[in-house]
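attaching a predicted model along with its sequence, questions to come.
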Amino acid sequence: MQDKNRLVIIGDGFAATVTAIHLLRKGIAADSLTIMGSGFLGKGNAYGCASPYFRLNVREDLPIVFSEDPLHFARWAEANIDDPEAKTSAGFFYRRADFGRYISELIAAEIGFDKIQRIQSKACALNQAHGLWKLDTADGGVIYAEKAIIATGNSPPTWPCPIQKEGGEQASARIIENPWTGHYLPSIGAEERIVLLGGGLTALDAIYALAAQGHRGLITVVGPRPVFPPTQAQWARQKQPNWPEKLSPARLLRFMRHYLPPAPATSTEWQNAWEELRPNLNSIWQKFTSHQRQIVFKRLGWAWSLYRFRASPQTIKAYEQLKANHQIQFVVGRAKQVGSSKSAITVELNNGQRIRAERIINCTGVGADLFLHKLIADAIAIPDPLFTAIAVDTNLNVIKPNLQAWNNLWMLGPATMGSLGDVVAASTISKQAEELAAQIQAEASV
Ligand SMILES: Cc1cc2nc3c(=O)[nH]c(=O)nc-3n(C[C@H](O)[C@H](O)[C@H](O)COP(=O)(O)OP(=O)(O)OC[C@H]3O[C@@H](n4cnc5c(N)ncnc54)[C@H](O)[C@@H]3O)c2cc1C
């Protein structure tokens, strides 16, 4: 059979690279590994950004790649990053691009790195053929693999509403569908009125970068709530919550509400308590039924996104500065339609409001992963309890339609959230990668 690979990692971002590093360190032969993806190895959507104003949302001791050496990145950063702006009273918050460089340099320094095969294309379908995985690639190729790991990450944002364009390239340039790289920033005029669709960390990234380039125009933030995630404080876990037995969604939410102190979410006291709650949430989540998970997500989802993903102090400082200049305006609503012409954009909201500006930036978050959807359509996998990705078990094995787990197909990274809980941060993904590498090593040595 042509091009038979032992283990293919589908994806070339953070999760794929950290998995490859852990597999190599567990003694898996480098020439048995193939990494698929069309990007720059190790950077992915979060850390492949160009803007120096897109910063990590956690301080330097938190993006952990090696559990036995949690300060590896902090030491590397001190020796290799020249960034006087990184230091704040809540710790060092480095540029995401520098973290991407760290991951790329880490893998490049691994023994055997040059023997890893690369396929510079995306996978568009995965099926069984003669007991192997058959992968169709976006450039028309086909490869076969004994085992596969899906690490396709966060799909870039797509517009949440219809877009109407009239006016060729000028109209196209006014609408930024995927702002994660920051490529659009240099083309923005200082006086432009800008609409940010969505009020999370991506919107804050845009605000920080615009403030840094001296933006003077009005920025209108459109979202369901007129509030941004708070700044990171210098928090530390000081005690363990005494979780009640037999939690239902209602008891979980009640317990969390009582555990959090009546202090602002920006305070160290509140963030200590919030972070004390987090380590147990995944095991609690995994014990809930699909229906219970949907209830928790519906009731806690927005607050979770708001407080879980806090922003770097530098980012919030830039936002406060623009707010003090009266350059930030919140409009509560959801976009129903966006029109773009040579001279302006118009956003129509579901509440009947219309906003006119020169540019719109889509900050609405992760888009749909068509590759995962295809796995469901091809009856290789089933949807997870939140219907956002495919279901995996606690060993990261992908679950088949007959509810058995594939023993040669795994998935890790943010797409495992519906199955496993709070798995989006770099350190949690590294932990998944470490555990998966140990599992694959144990199977290889039997
Ligand atoms: C904008 C942004 C900022 C973030 N900031 C932070 C932060 O500051 N701190 C933190 O802890 N976490 C942060 N995160 C969380 C982030 O989820 C993880 O840290 C991590 O980057 C996820 O790694 P990943 O490999 O799963 O995804 P990615 O790193 O995005 O990698 C996925 C890769 O797979 C490729 N791919 C996709 N589909 C296919 C396919 N079908 N075939 C082949 N390749 C494919 C993509 O092109 C991409 O290169 C951020 C996330 C985003 C999106």
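Perfect, thanks for sending it.

what are the buried residues along the helix or strand of the chain with the lowest mean pLDDT?
Least confident helix or strand, the chain: helix 290-308 with a mean of 87, by mean pLDDT, DSSP states H and E. Neighbour-count burial for helix 290-308 flags 292-297, 300, 306-308 (criterion: 16 or more other C-beta atoms under 10 Å). C-betas here are computed from N, CA, C, even on glycine.

make JSON lines from the residues you listed and add distance to the ligand to it.
As requested, these are arranged in JSON lines below (distance: C-beta to the nearest ligand atom, whole Å):
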{"residue": "Gln292", "distance to the ligand": "25"}
{"residue": "Arg293", "distance to the ligand": "20"}
{"residue": "Gln294", "distance to the ligand": "22"}
{"residue": "Ile295", "distance to the ligand": "25"}
{"residue": "Val296", "distance to the ligand": "20"}
{"residue": "Phe297", "distance to the ligand": "18"}
{"residue": "Leu300", "distance to the ligand": "19"}
{"residue": "Leu306", "distance to the ligand": "15"}
{"residue": "Tyr307", "distance to the ligand": "15"}
{"residue": "Arg308", "distance to the ligand": "11"}
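
in TSV, list the residues you listed along with distance to Ala190.
Output for those, formatted as TSV (distance: C-beta to C-beta, whole Å):
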residue	distance to Ala190
Gln292	50
Arg293	46
Gln294	45
Ile295	47
Val296	44
Phe297	40
Leu300	40
Leu306	30
Tyr307	33
Arg308	34
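
per-residue pLDDT, the residue nearest the centre of the chain?
Central residue of the chain (C-alpha atoms, centre = their mean): Asn154, 5.0 Å from the mean position. Model confidence at Asn154, expressed as pLDDT, equals 94.

same question for Val424.
We note a pLDDT of 89 for Val424 in this prediction.

check the one 3 residues further on too.
We note a pLDDT of 95 for Ser427 in this prediction.

which residues does it contact?
Residues in contact with Ser427 (C-beta atoms under 8 Å, 6 or more residues apart in numbering) are 62-65.

kindly report the same for Gly112.
Contacts of Gly112 (C-beta under 8 Å, 6+ apart): 24, 29-31.

can you report phi and psi for it?
phi 100, psi 0 (degrees, to the nearest 10).

and it, how far from Tyr102?
19 Å (C-beta to C-beta, to the nearest Å).

hey, what's Thr220 bridged with?
When bridges are taken as DSSP bridges, the partners of Thr220 come out as Val195, Gln329.

that one: what's it in contact with?
193-196, 329-331, 355, 357.

what number of residues lie near the residue in the stretch 301-446 of the chain that the ligand sits nearest to?
Residue nearest to the ligand within the stretch 301-446 of the chain: Gly413 (3.0 Å; C-beta to the nearest ligand atom). Around Gly413 there are 28 other residues, counting by other C-beta atoms under 10 Å.

again, but for the one 4 residues further on
Neighbours of Met417 under the rule other C-beta under 10 Å: 21.

tell me the contacts of the residue nearest to it when sequence neighbours are not counted?
Of all residues not flanking Met417 in the chain, Val423 sits nearest, at 5.4 Å (C-beta to C-beta, 6 or more residues apart in numbering). By C-beta under 8 Å, 6+ apart, the contact list for Val423 reads 282, 413-414, 416-417, 429, 432.

so where's this protein uncertain?
Low-confidence segments of the chain, defined by pLDDT under 70: 1-3, 446.

which neighbouring elements make contact with the least confident helix or strand of the chain?
Judged by 3 or more C-beta pairs under 8 Å, 6 or more residues apart in numbering; DSSP states H and E, helix 290-308 is in contact with helix 249-259, helix 268-287.

thank you, goodbye.
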